[in-house]
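**Q** Everything below, folded, please.
(chains A and B)
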Amino acid sequence: MSELVRRDPRKEWIARNRLHPQHLEVLAEIGGGSVASEWMGPNGLMRRNPHAVGFMGPNGIRRIDRSGAQQASQATGRSAEAKDSRRRVTIENPAFTIAVVPDMAGGRLSGHDRDLLGLARQLADADPENPGAVLAIVYGEHKETTFDEAGIDRMLMLEGDQFDGYTPENRIAALQGVDREVSPRFWMLPDSTQGGGELGRRLSVRLGERAATQVWQVEAHSDSATGWRCTTRGAAGTTDIVRDLPRVVIALAECADPITETRHAAEAIELSQPLPNVLGRIEDIGEVAVDPASVSLAEAEFILSAGNGVKDWDNYHHAAEVLGATKGASRVAVDDGYMPRDRQVGATGTWVSAKVYVAVGISGAIQHLQGIQTCEKVVAINLDEGCDMVKRADLAVIGDANAILSALVERVEQYRAEQEESRNAA
Amino acid sequence: MPPNAEASGAAGLSVAVLVSIGRHPLTARTRRADQDARAVEMALNMKGAAISLVHAGQHDSDHEEAIRGYLGMGIDEVRLLEQGPQSDVVPALTDALRDSSPQMVLTGTRAETGEASGMVPYLLAETLGWPVINGLAAVESVEKGVATVLQALPRGKRRRLRVRLPAIATVDTSAPAARQSAFGPARRGELDVQALASETDESLAQWQIQPARKRPKRLKVIKSSSARDRFKAAAAKSDGGGGQTLSDVTPEQGAEAIFKLLREEGVLR
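**A** Coordinates of the predicted model:
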């Protein structure tokens, strides 16, 4: 069958127009031959079938959408078509290059990286007659598939053992090589703790440039040498420094809007000269297993938090140990003396930013929900289906907390045993 | 790792700590800088290490008060390299470090006043030709001119590094908190003031420095072709569910669902 989507604008128009005499027929036709919801009875009365209208909503409730958009959106292939409408941009002969070194935390472009690429794009596209190219430099392996959507024209993949782990000396030597060969107009790095801030400072020192750090705004300025002016944060975030944009820019998150409307070539390039091998004085021995109980709540990645609903505390502590989670608590559990005060999560305790936050028997007072605002995924285990924590949660399991925790511990232990087996077999 | 673990084999090690003037975030009073104080704390926890504190900057009563905060931690003397206002401290510090040649230099990640770019340790390392590491969480041991240290990573993770001395290391807030500063030792401690020629920071004079403006909050812009979608996005409640609720399930089914989510997020180790 052909992949082409055949559209009939007239029918779509009729489907949108509820007053059109053929409206229902057309709707039935577009909707894939569904039952007609309204017809003329034998005695000239209009008969309606209420079961044939509408669609099932996400909560299992039948919804009736009178705008006609629902029926139209059922047509297949429409969403794919919408995605491809982004403008494709290819820059053959760039007037200059802007080099960006994204963090690639977890092998993917982070939000901070995308903001930075948006800023680089802003500088590159300032003069539409002579657009510049954005060059992204990525170390080692990555899992990212959407480099083109982030506004990257050229990609330089630096691969090799010398970039595994923490190797700032080799990385800087490679960037120096890029600087000699490509000589970018600007170097842009994220001012993050994921390595970008450090790498940027090392690079600026090596290149002999006075970098602008903590940049959060860049604007065109004719008096400046580079044609741009930036605003940076100074003195622990209490002052703003307005200065000319230097060659090395180390920018904060949300310094610009990420690219959404265009797709770029993301064409891979190679360096003509081999990278120098540097004798490093810093040796990476590897990550250390950290006891999750000693990690401070504010920076914990995975928190198992207990509230009033927890009755068997030994079981809860055991579960936290097996899962390798940092322990947290609601105010009630702390006030009742089951947990220490420094483990309290919420407005009066610690504001947490965990990737996964499991709330066991916490109904979700507003102060507690404030404290977990920035958590990515919230899992609630609770008896009460209507509580605020269940509404906030990405996954809520209704049931007895004790039994569910025991089952979870069993499941994780089984998974660990399986992993151990496969490791022994390998 | 207990917070006050003492590094072994640090006997006879000379450690220089670069300290700066801090600024209280609410009252704006001068004080010891938090990260620098943590660096001093780390040096004090190295058993048998000879510690020297160095500060480069102005010498007036306000700053002296802040410097005495470090003396109150149990330090006898701070070396104060006197510099004029708006001057670049890197040349003075470089000379001082080259003369005293410590094996390890500790300092905070960035200052609490001035430009606070966090560049000083990197600039010093480049001119002295020493390696530099950031985010030091603990010094585990020092043996034959090689230090084994723990580096703090985001999310409470730690990485073990081996670095050849002499080296510069920066300390951030993941290092153990500094001890309290005691009043008596702070009064009794001495400042070794050395007036040095200062180099004026030329480019700093050209910059406009103003109180920080609040950064505009990013708007959630919905880019959609149909007006209906845009309206729905604008009118929707921010926390309108979207979550999955499992009721009437056995504990095993519930646990399986949670387990799946934990594995997808990659938090199970």
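
**Q** residues near the nearest residue to B:Thr200 once chain neighbours are set aside, how many?
**A** Leaving aside its sequence neighbours, B:Thr200 sits nearest to B:Ser87 (CB to CB, 6 or more residues apart in numbering or on different chains; 5.5 Å). (Each C-beta comes from the backbone N, C-alpha and C, glycine too.) If you count neighbours by other CB atoms under 10 Å in any protein chain shown, B:Ser87 ends up with 20.

**Q** repeat for the one 3 residues further on
**A** B:Val90 has 17 neighbouring residues, counting by other CB under 10 Å.

**Q** Please, where are all the helices along chain A?
**A** Using DSSP state H, the helices of chain A run over A:9-16, A:23-30, A:69-73, A:78-83, A:111-124, A:168-182, A:196-207, A:313-323, A:331-335, A:366-371, A:388-392, A:401-425.

**Q** The first one packs against which elements?
**A** Think helix A:9-16. helix A:23-30, helix A:69-73 (3 or more CB pairs under 8 Å, 6 or more residues apart in numbering or on different chains; DSSP states H and E).

**Q** and it, how far from the chain's centre?
**A** Relative to the chain's own centre, helix A:9-16 is displaced by 38 Å; criterion: CA atoms, centre = their mean, to the nearest Å.

**Q** what residue lies at the spatial centre of chain B?
**A** B:Asp172 (2.5 Å; CA atoms, centre = their mean).

**Q** contacting residues around it?
**A** A:Thr193, B:Gln35, B:Arg38, B:Gly108, B:Thr109, B:Asn134, B:Gly135, B:Ala152 (CB atoms under 8 Å, 6 or more residues apart in numbering or on different chains).

**Q** do that again at 10 Å, thanks
**A** For B:Asp172, the contacting residues are A:193, B:34-35, B:38-39, B:108-110, B:118, B:134-137, B:152, by CB atoms under 10 Å, 6 or more residues apart in numbering or on different chains.

**Q** Next, see if the helix or strand bottoming out on mean pLDDT in chain B gets close to chain A.
**A** Within chain B, confidence by mean pLDDT, DSSP states H and E is lowest for helix B:227-235 among all helices and strands, at a mean of 76. Yes: applying CB under 10 Å from any CB of the partner chain, one finds that helix B:227-235 is in contact with chain A at B:Arg228, B:Asp229, B:Lys232.

**Q** quick one, what contacts the residue of the stretch 101-250 of chain B found nearest chain A?
**A** Ranking the residues of the stretch 101-250 of chain B by distance to chain A (CB to the nearest CB) places B:Gly156 first, at 3.5 Å. B:Gly156 makes contact with A:290-292, A:294-301, A:326, B:137, B:174 under the criterion CB under 10 Å, 6+ apart.

**Q** From the residues you listed, list the buried ones, please.
**A** A:Val290, A:Pro292, A:Val295, A:Leu297, A:Glu299, A:Ala300, A:Glu301, A:Thr326, B:Ala137, B:Ser174 (16 or more other CB atoms under 10 Å in any protein chain shown).

**Q** Adding pLDDT, write those residues out as JSON lines.
**A** Below are the buried ones among the contacts of B:Gly156 laid out as JSON lines (pLDDT from 0 to 100):
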{"residue": "A:Val290", "pLDDT": "80"}
{"residue": "A:Pro292", "pLDDT": "78"}
{"residue": "A:Val295", "pLDDT": "80"}
{"residue": "A:Leu297", "pLDDT": "85"}
{"residue": "A:Glu299", "pLDDT": "82"}
{"residue": "A:Ala300", "pLDDT": "85"}
{"residue": "A:Glu301", "pLDDT": "86"}
{"residue": "A:Thr326", "pLDDT": "90"}
{"residue": "B:Ala137", "pLDDT": "89"}
{"residue": "B:Ser174", "pLDDT": "84"}
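
**Q** And those residues, which is closest to B:Gly69?
**A** Proximity of the buried ones among the contacts of B:Gly156 to B:Gly69, judged by CB to CB, is greatest for B:Ser174, which lies at 21.3 Å.

**Q** What about the residue lying closest to B:Gln58 once chain neighbours are set aside, how many residues nearby?
**A** Nearest non-adjacent residue to B:Gln58, counting by CB to CB, 6+ apart: B:Pro85, 5.7 Å away. Neighbours of B:Pro85 under the rule other CB under 10 Å: 10.

**Q** Thanks again, I'm all set now.
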